[in-house]
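Peer 1: sequence first, predicted model second:
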Amino acid sequence: MKIRNYNFKDVDMLLASQTISQSLADNLSDLSMARTNWTSEYVTALTTKIDDAIENYLGLDKKKELRDASSKLASLQNPAMRDLSFIKTQIDVDFPKESKEILKKLGFDKNLRSVQKGDQEALIQLLYAFKKGLTETLKTQITSKGTNPALIDRIVEYADRLKSAEVSQETLKETTKQISEEAVGAFNEIYDEVVGICKIASNFYQYETLKKEQFTFSNVVSNMNVSKKIAEEPVE
């Protein structure tokens, strides 16, 4: 049986690899001077390889451009959590008898606990569930009690800004079936290649801390799962 070359969850490793691939693309004008084979064609091929592994072995939809989710969500997570907490509180107060059903329609029941722990993927799922469940009738019902429509629009906007990710419920959960040896081989190949990129790029940017962090694999994974760093103002 093949052994993984990494200690991360498969989905975290692949999403981190996507993020690093995007960082490579964003800094290609610099990094192509260090490696002549680092071209736009190379980045496209790497991205396709990662997308294929995700689609074929994890059951995630290749059309959902997940690589954008991690980087965008890092800056959106705190304000999104604050706004979700604020609107949940108002719904609880304004609809004491109906709040449970309303919150269920908006996706809080399935995702709240994980969001409270700082799970980025769960937050994406909650934002999309909120957007999907928010009918005009429900919005009017909520705002008629005093909730500012701007708060609702802002929450919907968080989902819109993550539109390129198109992450639907459950898509970021690994399948329960055992990952095949072929899959592990593909994962290891991707990991080894991306780690090689990280070693060279992080050395290239050794005096530019922020850019160096974009090519530190463990740092990228950590930023995707920021539960340890996001303890302030949790969703109540």
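Peer 2: That came through fine. Just so it is clear, the structure is predicted and the values come from calculations on it, not from any experiment.
Peer 1: the bottom helix or strand of the protein by mean pLDDT?
Peer 2: Lowest mean confidence among the helices and strands of the chain (mean pLDDT, DSSP states H and E): helix 67-94, at a mean of 77.
Peer 1: after that one, which helix or strand is next?
Peer 2: Once helix 67-94 ends, the next helix or strand along the chain (criterion: DSSP states H and E) is helix 99-105.
Peer 1: please name every helix or strand in contact with that next one.
Peer 2: Packing partners of helix 99-105 (3 or more CB pairs under 8 Å, 6 or more residues apart in numbering; DSSP states H and E): helix 67-94, helix 136-143. All C-beta spots, glycine's among them, are computed from the backbone N, C-alpha and C.
Peer 1: okay, the residue of the chain positioned farthest from its centre: pLDDT?
Peer 2: What lies farthest from the middle of the chain is K97; by CA atoms, centre = their mean that is 33.8 Å. With respect to pLDDT, K97 has a value of 93.
Peer 1: and what of the one 10 residues further on?
Peer 2: Confidence per residue is given as pLDDT, and for G107 that number is 91.
Peer 1: quick check: it vs F130, distance?
Peer 2: Noted for G107: a distance of 5 Å to F130, by CB to CB, to the nearest Å.
Peer 1: ok, now E41?
Peer 2: 39 Å.
Peer 1: out of those two, which sits in the busier spot?
Peer 2: F130 (23 against 9; other CB atoms under 10 Å).
Peer 1: correct me, but that one touches L106?
Peer 2: Yes. With contact defined as CB atoms under 8 Å, F130 and L106 form a contacting pair (4.7 Å).
Peer 1: who are the packing partners of the helix or strand in which K132 is found?
Peer 2: Secondary-structure assignment from DSSP H and E places K132 in helix 120-133. Counting contacts by 3+ CB pairs under 8 Å, 6+ apart, helix 120-133 packs against helix 67-94, helix 108-116, helix 149-161.
Peer 1: list the buried residues in it.
Peer 2: Neighbour-count burial for helix 120-133 flags 120-131 (criterion: 16 or more other CB atoms under 10 Å).
Peer 1: okay then, goodbye and thanks.
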